[in-house]
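Visitor: What would the 3D arrangement of this be:
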Amino acid sequence: MSRFLIDGNFLSEGGGDSNFRIHIEYNGTPDGNEYLSLAIADGITLYDDEGNQYPQISLTSEIPLFDILPPSIDSISVQIDSLIVLMESTPITFNFNEKVDSIFFTISSKVMDSVHFTSTLSDSSLDIILKPPFASYDSISIEFSYLEDISGLTTVDIAYTYRTPILGDYDLDGQITYNDMWDLVENWELKNYNYELGPYEGTAPHLISYPDSRFTIDDGMAFIQIWSWYQSNFGEIVEDSTSFGSLVNIVQSNKFLSIPITDSILCGQIQFVYDSMGNSPDFQLPTSKKNQLYLNNHFPEEGYSIIEFARSGLLANDTIKIDISSILKGELTYTFKKQNDIQKGYYVINHTPLPKKLSLYPAYPNPFNPIATFKFDIPRNLNGSQKVHLIIYDVRGRIVDTLLKQELMPGTYKAKWYAKHHASGMYFAQLRYGDMIKNQKVIFLK
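Guide: Modelled structure (predicted):
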């Protein structure tokens, strides 16, 4: 029997009350065998209006307590819509608000016929352990169709849904990209079997993996299927002309683009955008080996093609060639990832012949006030990409302005000099590319 002290100071000081009301908060769920009675606490004496003392007895008879709240789930250890790790058991605890007398629940998969699990029911909680294998890109539902407490009160239809990630999405970002591809080839090289994907069954995206502690062609085929499915369903054209890192020395001939993959590049992506409904470009990729993977896909109806690759182990220089003979107009963007650096840039397909030598054309107008425009050609450099410098000197050989100091792809460019803050007079423009130099005289007249 539990005893509670009720503060009776709310009674009027002079007494004379014929009745009073007491509010009691019961912190718990009655089980049907609990009663409440109100009695005088030890050391407390009650008198009536005539001064007669009340005997030490209960002020009420036993009042039974009744449960009027239906059972429910107070909390869960794994929040709804959380990801279930594909190849690991997942424990989930459901905590009830009271003791449950009977329960009925089902666990189902949107893809699989059944889900393996174990369960343990205690007075006020249910422990469920979901066990692999799970299907990739699936949803698992735990539905409580019936809960009954010891008072016979019931609750029906409470459901919780959890998701499984895409097989091969190692960084769990909801995408299958060259970053995941590199995780696979790197850990394949290291024989880290936590990154296994095969053997498997099913079709993308709902592959079911059965790891066997070895890397085989099954692991590669599983990734290829998932990657191809992802590109077909979620691949998108990213219009991004930003550049950072050193530029890639892309070489264009009459028919081919040659993109060098240096021995420091681990993985990357090349996106090619061209006229929709036209012919897609032909990719000539390096042969995939044990420690490297090259994948590509074409969407000619959208005017879009993509290459993604990843390499591990001892890296060597390589080249990706793209046949652009059927492409009239297009733009290529690339992102290459190195150990501690990223190369990002773009290249516009131009079927006009590329310059064969460094040229600095006459500035116009000349004389000028206050703006002069310089047109110049940058040729292909067999020694790789180098910085282009366009610098303005005064007659004493002092640098007064630097118009350009960056890497440029082969092509024809223009640069403007705003000279309004300089004195009138003669100046010299110098174009420098590698060990090649061109000079030109200009006159500024205010």
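Visitor: Do a quick rundown of the strands in the stretch 151-300 of the chain.
Guide: 154-155, 158-163, 200-201, 208-209, 251-252, 256-261, 265-274, 282-284, 292-299 (DSSP state E, counting those that start in this stretch).
Visitor: rank those strands by mean pLDDT and give me the bottom one.
Guide: With a mean of 80, strand 251-252 has the lowest mean pLDDT of those.
Visitor: Tell me the strands beside that strand, with direction?
Guide: Strand pairing for strand 251-252, determined by DSSP bridges: strand 256-261 (antiparallel).
Visitor: do you know how far the residue positioned nearest the centre of the chain is from residue 270?
Guide: Most central in the chain under Cα atoms, centre = their mean is residue 173, positioned 2.7 Å from the mean C-alpha point. As judged by Cβ to Cβ, to the nearest Å, residue 173 and residue 270 stand 20 Å apart. All C-beta atoms are positioned from the backbone trio N, CA, C, and that covers glycine.
Visitor: again with residue 298
Guide: Remark: distance between residue 298 and residue 270 (Cβ to Cβ) = 13 Å.
Visitor: One more: residue 218?
Guide: In terms of Cβ to Cβ, residue 218 sits 27 Å off from residue 270.
Visitor: The two: which is more packed in?
Guide: Per other Cβ atoms under 10 Å, whichever of residue 218 and residue 270 has more neighbours is residue 270, with 24 against 18.
Visitor: Now the more buried one. Nearest residue, chain neighbours left out?
Guide: Leaving aside its chain neighbours, residue 270 sits nearest to residue 307 (4.3 Å; criterion: Cβ to Cβ, 6 or more residues apart in numbering).
Visitor: Next up, the contacts around that neighbour.
Guide: 269, 270, 272, 283, 285, 294, 295, 296, 320 (Cβ atoms under 8 Å, 6 or more residues apart in numbering).
Visitor: List the contacts of the first one.
Guide: Going back to what we said before, that points to residue 269. 177, 178, 306, 307, 308, 334, 335.
Visitor: Can you point out the buried residues in stretch 174-191?
Guide: Using 16 or more other Cβ atoms under 10 Å as the burial criterion, the residues of stretch 174-191 that qualify are 176-189.
Visitor: Now do that stretch: distance to the chain's middle.
Guide: 15 Å (Cα atoms, centre = their mean, to the nearest Å).
Visitor: Give me the contact list for that stretch.
Guide: 165-166, 168-171, 194-195, 197, 215, 219, 223, 226-227, 230-231, 234, 266-269, 290-293, 295, 308-313, 337.
Visitor: Looking at these, which are in helices?
Guide: 219, 223, 226, 227, 230, 231, 234 (DSSP state H).
Visitor: of the contacts of stretch 174-191, buried ones?
Guide: 165-166, 168-170, 195, 197, 215, 219, 223, 226-227, 230-231, 266-269, 292-293, 295, 308-312, 337.
Visitor: now the strands of the stretch 151-300 of the chain as a markdown table including distance to residue 106?
Guide: As requested, these are exported to a markdown table (distance: least, Cβ to Cβ, whole Å):
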| stretch | distance to residue 106 |
| --- | --- |
| strand 154-155 | 15 |
| strand 158-163 | 10 |
| strand 200-201 | 24 |
| strand 208-209 | 20 |
| strand 251-252 | 61 |
| strand 256-261 | 52 |
| strand 265-274 | 43 |
| strand 282-284 | 49 |
| strand 292-299 | 40 |
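Visitor: Tell me which of those approaches residue 77 most closely.
Guide: Proximity to residue 77 (Cβ to Cβ) singles out strand 158-163 among the strands of the stretch 151-300 of the chain, at 11.2 Å.
Visitor: What ranges in this structure fall below the confidence cut-off?
Guide: 1-40, 48, 54-67, 238-241, 243, 254, 276-278, 351-352, 382-385 (pLDDT under 70).
Visitor: Where do the helices of it begin and end?
Guide: 178-190, 217-234.
Visitor: For residue 256, find the nearest of those.
Guide: helix 178-190 (22.8 Å).
Visitor: In CSV, please show the C-alpha coordinates belonging to the closest one.
Guide: What follows is helix 178-190 as a C-alpha-only set of coordinates in CSV (Å, rounded to 0.1, in the frame of the first residue of the first chain):
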residue,chain,number,x,y,z
TYR,A,178,32.4,8.7,-58.8
ASN,A,179,33.0,9.2,-55.1
ASP,A,180,31.2,5.9,-54.3
MET,A,181,33.0,4.3,-57.3
TRP,A,182,36.4,5.3,-55.8
ASP,A,183,35.3,3.8,-52.4
LEU,A,184,34.7,0.5,-54.1
VAL,A,185,38.0,0.3,-56.1
GLU,A,186,40.1,1.6,-53.2
ASN,A,187,38.7,-0.9,-50.8
TRP,A,188,38.8,-3.7,-53.4
GLU,A,189,42.5,-3.0,-53.6
LEU,A,190,42.8,-3.1,-49.8
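Visitor: now the angle from it to helix 217-234?
Guide: Orientation check (axes from the mean of the first three to the mean of the last three Cα atoms, to 10 degrees): helix 178-190 against helix 217-234 gives 180 degrees.
Visitor: quick one, helix 178-190 and strand 292-299 angle?
Guide: If you take the same axes, to 10 degrees, helix 178-190 sits at 150 degrees to strand 292-299.
Visitor: how does the chain divide into domains?
Guide: 1-66, 73-163, 178-234, 251-348, 359-444 (automatic domain parsing).
Visitor: Please convert those domains to JSON lines, extending it with distance to residue 245.
Guide: Listed next are the domains of the chain as JSON lines, based on distance: least, Cβ to Cβ, whole Å:
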{"stretch": "domain 1-66", "distance to residue 245": "63"}
{"stretch": "domain 73-163", "distance to residue 245": "33"}
{"stretch": "domain 178-234", "distance to residue 245": "16"}
{"stretch": "domain 251-348", "distance to residue 245": "4"}
{"stretch": "domain 359-444", "distance to residue 245": "10"}
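Visitor: Please identify which of those is closest to residue 244.
Guide: domain 251-348 (5.4 Å).
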